[in-house]
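Asker: Take a look and give me a structure for this.
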Amino acid sequence: MLDSGIFWVWAHNISIIVLSSACTSFLNYYFLIYFFDKKKYFIYVLSIFTLVLIAFLTMGYFLMPISAIEKIKMSEPSIPHLGSLVVTIILSTLFRFAQRGIQKENEFKEASQKRTEMELKLLQMQLQPHFLFNSLNNLYATNLSNQHKANEMILQLADLLRYQLEIGKREKINLLEEITFTENYIALEKIRLSNCELSIEKEGNFDNFQIPPLLLLPLVENAFKHSQDIKKQFVKITFIQKDNIFTFICQNSIAKDILQKKSNKIGLENVKKRLEILYENQHTFSTEHTENVFFVFLEIKF
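Answerer: Predicted coordinates:
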């Protein structure tokens, strides 16, 4: 049976080792933050050397050898004691480096998220003057030929711009709201293009999903822009929601030289970038064209 005196010596020694290791670990962690992280390497090394020396001598002074219980003679410092201090310093250093790595990763993610949010805001802001510029051009051209139509367009455009300013402040809107806004824009174009063959088809329930505002508008806007100055002008738009998948299909007549104009690609490029940011692996977006028809296909998986 273990002698009670030896037991208390062991308990005393273990307490001293644990206390010394804990203090060494804490102080090393402190030195890493205030010296190493600030690139004060010489001060850090000097501090660690001093810390180890003090802890080593302290342990050697307070540890009691089991062979001298009666004399309570203090033990001499030994290599195993030094090893425990070194291990403690290594472990606390690894912990600090791991913590720094996690902090850096979180900071990188936060910065990346802020850049993404800023890019999305810039892309959305780009749409508003682009839409207004195109609308004013159309309004001016209509006013030259038909002032009555121009007056109707002004009233419709004012409502669209008012609503656009309202939803532009929100990150996402109801899918049904977006489709309704798009239909209101189509109503504006119908005033100007009375000879355009227009078809709109809707299938499914659009009220349970959220999308970024003004995502569909540039696609519809380009359809009408591509179709202008064509005798047999048509625009066909389809909205489908099925099994948590939203599908948008747009077909329109097109002039042979319209695709060469850079201004007609701004809206499509804007939509493409926003989709890549918001729905990286959850969407399909493609455009095709023949000699007379332009196709846009968009699919979003919610």
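Asker: Nearest the geometric middle of this protein, what residue?
Answerer: The geometric centre of the chain, computed from its C-alpha atoms, lies nearest to residue 113 (C-alpha atoms, centre = their mean), at 3.7 Å.
Asker: Quickly note the distance from that one to residue 107.
Answerer: Taking C-beta to C-beta, to the nearest Å as the measure, residue 113 falls 11 Å from residue 107. Every residue, glycine included, has its C-beta placed from N, CA and C.
Asker: can you check residue 58 too?
Answerer: 38 Å.
Asker: In terms of neighbours, single out the busier of these two.
Answerer: The residue with more neighbours, out of residue 58 and residue 107, is residue 58; 17 against 10, by other C-beta atoms under 10 Å.
Asker: The more buried one contacts residue 20, doesn't it?
Answerer: Yes - using C-beta atoms under 8 Å, residue 58 is in contact with residue 20, at 6.3 Å.
Asker: Report how many residues lie close to residue 160.
Answerer: 19.
Asker: now do the one 3 residues further on
Answerer: By other C-beta under 10 Å, 15 other residues sit near residue 163.
Asker: quick one: it and residue 214, what's the gap?
Answerer: According to C-beta to C-beta, residue 163 and residue 214 sit 10 Å apart.
Asker: what does residue 95 give?
Answerer: For residue 95 relative to residue 214 (C-beta to C-beta), the value is 48 Å.
Asker: quick one, which of the two is more surrounded?
Answerer: Taking neighbours as other C-beta under 10 Å, residue 95 and residue 214 compare with residue 214 leading, 24 against 14.
Asker: hey, where'd the strands end up in the stretch 201-302 of the chain?
Answerer: Secondary structure of the stretch 201-302 of the chain, counting by DSSP state E, counting those that start in this stretch: strands at 210-211, 234-242, 245-253, 283-289, 293-301.
Asker: Check the gap between residue 203 and residue 238 for me.
Answerer: 8 Å.
Asker: give me the number of residues near residue 240?
Answerer: So residue 240, with other C-beta under 10 Å, has 15 neighbours.
Asker: same question for the helix or strand hosting residue 52, mean pLDDT?
Answerer: Assigned by DSSP states H and E, residue 52 belongs to helix 41-62. The average pLDDT for helix 41-62 rounds to 75.
Asker: Would you mind giving the secondary structure of the residue nearest to the centre of the chain?
Answerer: Judged by DSSP: H, G, I helix; E, B strand; the rest coil, the three-state class of residue 113 is helix.
Asker: now it: how far from residue 179?
Answerer: The gap separating residue 113 from residue 179 is 29 Å, by C-beta to C-beta.
Asker: More neighbours: residue 203 and residue 238, which one.
Answerer: Neighbour totals were compared for residue 203 and residue 238, and residue 238 leads with 15 against 11 (other C-beta under 10 Å).
Asker: Where does the prediction get shaky in this structure?
Answerer: The chain contains residues with pLDDT under 70 at 1-16, 59-83, 111-112, 114-145, 148, 168, 227-229, 256-265.
Asker: for it, what spans make up the helices?
Answerer: Assigned by DSSP state H, the helices in the chain fall at 4-31, 41-62, 79-145, 147-167, 175-192, 217-227, 266-278.
Asker: so the shortest one versus strand 234-242, what angle?
Answerer: Between helix 217-227 and strand 234-242, the angle comes out at 160 degrees (axes from the mean of the first three to the mean of the last three C-alpha atoms, to 10 degrees).
Asker: what's stretch 44-53 in contact with?
Answerer: With contact meaning C-beta atoms under 8 Å, 6 or more residues apart in numbering, stretch 44-53 is reached by 24, 27, 28, 31, 32, 35, 36, 82, 85, 86, 89.
Asker: switch to 10 Å and redo it
Answerer: 23-24, 27-28, 30-32, 34-38, 40, 82, 85-86, 88-89, 93 (C-beta atoms under 10 Å, 6 or more residues apart in numbering).
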